[in-house]
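Novice: My questions concern the predicted model and sequence given below.
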Amino acid sequence: MIPSAKQYHQRTSYERNKLSGHYLDWSNQPNPFKEYRGLDRVELPRDVQGSQASLDAVLLETPGPADPEKITLQALSRMLSLSYGLTTRSRTPGGEFFHRSVPSAGGLYPSELYAAIQKTPGIEDGLYHYSVAHHSLVRLRGEGFSQHADPCLVFFITAIFFRSAWKYRDRSYRYHLLDSGHLAESLSLAIRAESLPAKADYDFEDNEINRLLGIDPDLEVCLVKMTVLGDASPAADLVQVQPEASRTAAKETAYPLIREIHSLTSTAASGLPPSPAIPVKNADETLDRFDGPVASPKMGFADTVLLRRSRRNFIPQGMDRETLWALLRLLCEPTGPACDDAIRVGVLTSEAPGVEPGLYWLDRTEKAWTLAEKGNLIPQMTRICLDQEWLANAACHIFFAADLDGLDATCGPRGYRYAMLTAGRLGHRVYLGATALELACCGIGAFYDPEAADLLGLDKGRRMLYLVAAGPSK
Ligand SMILES: Cc1cc2nc3c(=O)[nH]c(=O)nc-3n(C[C@H](O)[C@H](O)[C@H](O)COP(=O)(O)O)c2cc1C
């Protein structure tokens, strides 16, 4: 049994010249769409107009009260399609590929979305699964999902282990968390766009929620609970609902390390994440605040979501200070209580008007950054990211790092989920901010872990978790 989340992270590190080839069994490719048989379905209206408030407004403005009257079928349809709906399709050698409002490591989409709904004008009470393929809600339960008589709307995000493990094997638990973080942010914004509040919770009772959802907890597990209104909690005698639907391929290999890390992190956090605990190497003490002019994107929120894609066609052109700060400002807004301190955000920049090339760390509370090291480190980071050469042209590499020892010590292993989910959430903001500013953007989960830590001056248990590149494109 692994003793700590840090051990999992280290055991799934990529190291140069030590990557073992893995044969992908295309005949056993997991189905990216979860299907239930013979259950009632509620078709969601497709022609609903999404919010055209700006991304900034959706993110920065305080949403209205949690009024059940706002939860109509149209509103639910918008929330679901903007958070996880299909956006476009493309042809790949493997066949047709359906893109969604969120990115996903390898395009494997391990996450599923569920909603417990009670006493709202939109829909009959029930626990529902969101069928992405059909844009409909499948009714899993009519009762037993809420012990309270009050209105409720609570979403749950799960991950199906094998979908990503098929390609990434033991390392895929990282992607289960990062992908679920992307979806959590996407959902939170889609809820806020309805002028409703969204409260994320990563520290629920795992067994209880998996039982509520009726899934097979050996194959699929809940990672995020997102509450809009009221609460959902299972009756004691709930039975599973077609647990075999959590199976996505004919032959599923079990990856014991994934089960181990998930069960290790299943204990509730023993405390809140510590204050950002990454000492900054050679830091210039002065904080440079993001209070100058920033670029203001004109694109509305719904269009931004629909146009989001991973784009790799960067051109070698820096990003001026106004544009860069328009992006970084978005990362300073909190994601929720107790989550934000689990990670630190850093940026590698190239030469551009008003920007000194270098390694910077963000101070999210002060809405400022501090220069830690001068010089353009983007070419070196490109080599570290498995030599994905197009990354060298990106104007900036925004990365998320954590002190894994500090998290283990203060929160216990659950802190790892906080850190990875938060990295995914902020990564999603980079994607949407870049889209709104008409920049290209792509998330990077594949990098040589020890080399990334060395380059960024992260010692001991401190590690880079995720990187998102952004910049002007063709
Ligand atoms: C956690 C995560 C890691 C990713 N890692 C990489 C990567 O290392 N290299 C890459 O080219 N794309 C990477 N991507 C982008 C995915 O390949 C992309 O989201 C997926 O193919 C779907 O395409 P779309 O984002 O254009 O809809 C990553 C995305 C996520 C969310």
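Specialist: Noted; the coordinates are in hand.
Novice: Kindly report the residues of this structure close to the ligand.
Specialist: Residues of the chain lying close to the ligand by C-beta under 6 Å from any ligand atom are 99, 103-107, 175, 178-179, 182, 309-310, 388, 442-446. From N, CA and C alone the C-beta is placed, and that goes for glycine too.
Novice: Please name the residues that touch the closest residue to the ligand within the stretch 51-200 of the chain.
Specialist: Using C-beta to the nearest ligand atom, the closest approach of the stretch 51-200 of the chain to the ligand is made by Pro103 at 2.9 Å. Pro103 sits next to 182, 308, 310, 428, 431, 442-443 when contact means C-beta atoms under 8 Å, 6 or more residues apart in numbering.
Novice: from those, which single one is nearest Ala250?
Specialist: His182 (28.0 Å; C-beta to C-beta).
Novice: Looks to me like that closest one is in a strand.
Specialist: No: the assignment for His182 (DSSP: H, G, I helix; E, B strand; the rest coil) gives helix, which keeps it out of a strand.
Novice: Neighbours of it, how many?
Specialist: A count of nearby residues for His182, using other C-beta atoms under 10 Å, gives 30.
Novice: Grab the nearest non-local neighbour of Met464.
Specialist: Excluding its sequence neighbours, the residue lying closest to Met464 (C-beta to C-beta, 6 or more residues apart in numbering) is Ala452, at 4.3 Å.
Novice: Who are the packing partners of the helix or strand where the one you found lies?
Specialist: Assessed by DSSP states H and E, Ala452 sits inside helix 449-455. Helix 449-455 sits against helix 378-384, strand 462-471, with contacts defined as 3 or more C-beta pairs under 8 Å, 6 or more residues apart in numbering; DSSP states H and E.
Novice: Buried deepest among those, which one?
Specialist: Mean neighbour count, computed with mean count of other C-beta atoms under 10 Å, is highest for strand 462-471 among these, reaching a mean of 26.
Novice: show me where the stretch 251-400 of the chain has helices.
Specialist: Secondary structure of the stretch 251-400 of the chain (DSSP state H, counting those that start in this stretch): helices at 256-264, 301-307, 321-332, 378-384.
Novice: Packing partners of the first one?
Specialist: So that's helix 256-264. helix 5-11, helix 161-168, helix 172-192.
Novice: from the ones you listed, which stretch is densest packed?
Specialist: helix 172-192 (a mean of 28).
Novice: quick one, that helix and helix 161-168 angle?
Specialist: Using axes from the mean of the first three to the mean of the last three C-alpha atoms, to 10 degrees, the direction of helix 172-192 lies 120 degrees away from that of helix 161-168.
Novice: pLDDT on helix 172-192, on average?
Specialist: Mean pLDDT, computed over helix 172-192, is 98.
Novice: Between strand 462-471 and the worst-scoring helix or strand of the chain on mean pLDDT, find me the angle.
Specialist: The helix or strand of the chain with the lowest confidence, counting by mean pLDDT, DSSP states H and E, is helix 404-411 at a mean of 90. Interaxial angle, helix 404-411 versus strand 462-471 (the same axes, to 10 degrees): 110 degrees.
Novice: Strand 462-471 and the helix or strand following helix 404-411, what's the angle between them?
Specialist: Moving toward the C-terminus from helix 404-411, the first helix or strand encountered (DSSP H and E) is helix 414-436. If you take the same axes, to 10 degrees, helix 414-436 sits at 10 degrees to strand 462-471.
Novice: buried ones in helix 414-436?
Specialist: For helix 414-436, the neighbour count (16 or more other C-beta atoms under 10 Å) marks 414-436 as buried.
Novice: Span of stretch 116-135 from start to end?
Specialist: Distance across stretch 116-135, first residue to last, is 17 Å (C-alpha to C-alpha, to the nearest Å).
Novice: How about stretch 8-15?
Specialist: Stretch 8-15: ends 15 Å apart by C-alpha to C-alpha.
Novice: Show me where the stretch 201-350 of the chain dips below the pLDDT cut-off.
Specialist: The stretch 201-350 of the chain contains residues with pLDDT under 70 at 272-285, 337-339.
Novice: hmm, try it at 90
Specialist: 236, 267-287, 291-292, 296-298, 336-342 (pLDDT under 90).
Novice: hang on, the earlier thing: only the C-alpha atoms, please, for the helix holding Ala452, written as CSV.
Specialist: Extracted in CSV, the C-alpha atoms of helix 449-455 (Å, rounded to 0.1, in the frame of the first residue of the first chain):
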residue,chain,number,x,y,z
ASP,A,449,8.4,15.4,-13.6
PRO,A,450,11.9,15.7,-11.9
GLU,A,451,13.2,18.0,-14.7
ALA,A,452,10.2,20.3,-14.4
ALA,A,453,10.7,20.6,-10.7
ASP,A,454,14.5,21.3,-11.2
LEU,A,455,13.8,24.0,-13.8
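Novice: Now mean pLDDT too, for the helices and strands packed on helix 449-455, in a markdown table please.
Specialist: A markdown table is the format used below for those (pLDDT from 0 to 100):
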| stretch | mean pLDDT |
| --- | --- |
| helix 378-384 | 98 |
| strand 462-471 | 98 |
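Novice: Make a markdown table from these and add distance to Leu82 to it.
Specialist: Below are the helices and strands packed on helix 449-455 laid out as a markdown table (distance: least, C-beta to C-beta, whole Å):
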| stretch | distance to Leu82 |
| --- | --- |
| helix 378-384 | 32 |
| strand 462-471 | 20 |
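Novice: To Phe156, which of these lies closest?
Specialist: strand 462-471 (22.7 Å).
Novice: Outline the domain layout of the chain.
Specialist: 27-258, 288-471 (automatic domain parsing).
Novice: Just name the most buried of these.
Specialist: Ranked by mean neighbour count, the domains of the chain are led by domain 288-471 with a mean of 21 (mean count of other C-beta under 10 Å).
Novice: Just the endpoints, please. Distance across it?
Specialist: Start-to-end, domain 288-471 (C-alpha to C-alpha) is 21 Å.
Novice: what about that domain, distance to the chain center?
Specialist: Distance of domain 288-471 from its chain centroid, counting by C-alpha atoms, centre = their mean, to the nearest Å, is 13 Å.
Novice: follow-up on the earlier one: could the helices and strands packed on helix 256-264 go into a markdown table alongside distance to Val294?
Specialist: Formatted as a markdown table, the helices and strands packed on helix 256-264 follow (distance: least, C-beta to C-beta, whole Å):
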| stretch | distance to Val294 |
| --- | --- |
| helix 5-11 | 34 |
| helix 161-168 | 36 |
| helix 172-192 | 19 |
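Novice: Determine which of these approaches Asn207 most closely.
Specialist: helix 161-168 (16.5 Å).
Novice: Measure how far the closest one is from the centre of its chain, please.
Specialist: Helix 161-168 sits 17 Å away from the centroid of its parent chain (C-alpha atoms, centre = their mean).
Novice: Next, the angle from that helix to helix 256-264.
Specialist: 140 degrees.
Novice: check contacts around the residue nearest to Met464.
Specialist: When contacts are counted by C-beta under 8 Å, 6+ apart, Ala452 touches 381, 384, 399, 458, 463-464, 467.
Novice: from these, which is closest to the ligand?
Specialist: The ligand has its nearest neighbour among the contacts of Ala452 in Leu467, at 8.4 Å by C-beta to the nearest ligand atom.
Novice: would you put the C-alpha positions of stretch 367-376 in PDB?
Specialist: Backbone C-alpha positions of stretch 367-376 (Å, rounded to 0.1, in the frame of the first residue of the first chain) are rendered in PDB as follows:
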ATOM      1  CA  LYS A 367      -3.500  40.100  -7.600                       C
ATOM      2  CA  ALA A 368       0.200  40.500  -8.400                       C
ATOM      3  CA  TRP A 369       3.200  38.600  -9.600                       C
ATOM      4  CA  THR A 370       6.800  38.500  -8.600                       C
ATOM      5  CA  LEU A 371       9.800  37.800 -10.800                       C
ATOM      6  CA  ALA A 372      11.700  34.800  -9.500                       C
ATOM      7  CA  GLU A 373      14.200  34.300 -12.400                       C
ATOM      8  CA  LYS A 374      15.100  36.300 -15.400                       C
ATOM      9  CA  GLY A 375      15.400  34.800 -18.900                       C
ATOM     10  CA  ASN A 376      13.200  32.900 -21.200                       C
END
